[in-house]
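Novice: I would like to see how this sequence folds:
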Amino acid sequence: MSARSVFLFGTWTLQPDQEPDAEPVTYAMQCAVCGESSGPAEDFLDAQHWTFRHAGRNPSHHTYRELIRRPWRAWMDRPHGA
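Specialist: Down below sits the predicted model:
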């Protein structure tokens, strides 16, 4: 017997996962000065409030990063030749 390969070609699609069972989108803020960060939250205001508290306790920390976790899903349309 010899080995045989089959190749299927198709177009992949990628989009944010909005299915009912998708993970939630979460937001966090990270201080670019010290690296400390808020915990992830589904409401951006939670992350924003953490930033204000952190800046209040650390007046020289002016720079922050927004960290967003957004679930995505990928699938292949009907493969060509299938």
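Novice: Okay, buried residues for stretch 46-56 please.
Specialist: Within stretch 46-56, the residues that qualify as buried are 46-48, 50-51, 54-55, counting by 16 or more other Cβ atoms under 10 Å. Quick note: C-beta positions are derived from backbone N, CA and C, even for glycine.
Novice: Quick check: the most centrally placed residue in the chain vs residue 47, distance?
Specialist: Central residue check for the chain by Cα atoms, centre = their mean: the C-alpha nearest the mean position is that of residue 69, 2.5 Å away. Computed with Cβ to Cβ, to the nearest Å, the distance linking residue 69 and residue 47 is 11 Å.
Novice: now the buried residues of stretch 46-56 in CSV, with distance to residue 39?
Specialist: Below are the buried residues of stretch 46-56 laid out as CSV (distance: Cβ to Cβ, whole Å):
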residue, distance to residue 39
46, 8
47, 8
48, 13
50, 8
51, 13
54, 12
55, 17
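Novice: can you tell me which of those residues are in helices?
Specialist: Judged by DSSP state H, the subset of the buried residues of stretch 46-56 located in helices is 46-48, 50-51, 54-55.
Novice: Which parts of this protein are strands?
Specialist: Here the chain has its strands, by DSSP state E, at 12-16, 26-31, 64-69, 72-76.
Novice: list the helices and strands the last one packs on?
Specialist: What that stands for is strand 72-76. If you count contacts as 3 or more Cβ pairs under 8 Å, 6 or more residues apart in numbering; DSSP states H and E, strand 72-76 packs onto strand 12-16.
Novice: strand partners of the strand it packs on, parallel vs antiparallel please.
Specialist: On the basis of DSSP bridges, the sheet neighbours of strand 12-16 come out as strand 72-76 (antiparallel).
Novice: Quick one: mean pLDDT for the partner strand?
Specialist: For strand 72-76, the mean pLDDT works out to 93.
Novice: who touches that strand?
Specialist: Outside strand 72-76, the residues that touch it by Cβ atoms under 8 Å, 6 or more residues apart in numbering are 10-17, 19, 22.
Novice: returning to that earlier point: pick out whichever of the buried residues of stretch 46-56 sits closest to residue 34.
Specialist: residue 54 (8.7 Å; Cβ to Cβ).
Novice: who touches the closest one in this structure?
Specialist: 29, 31, 36, 38, 61.
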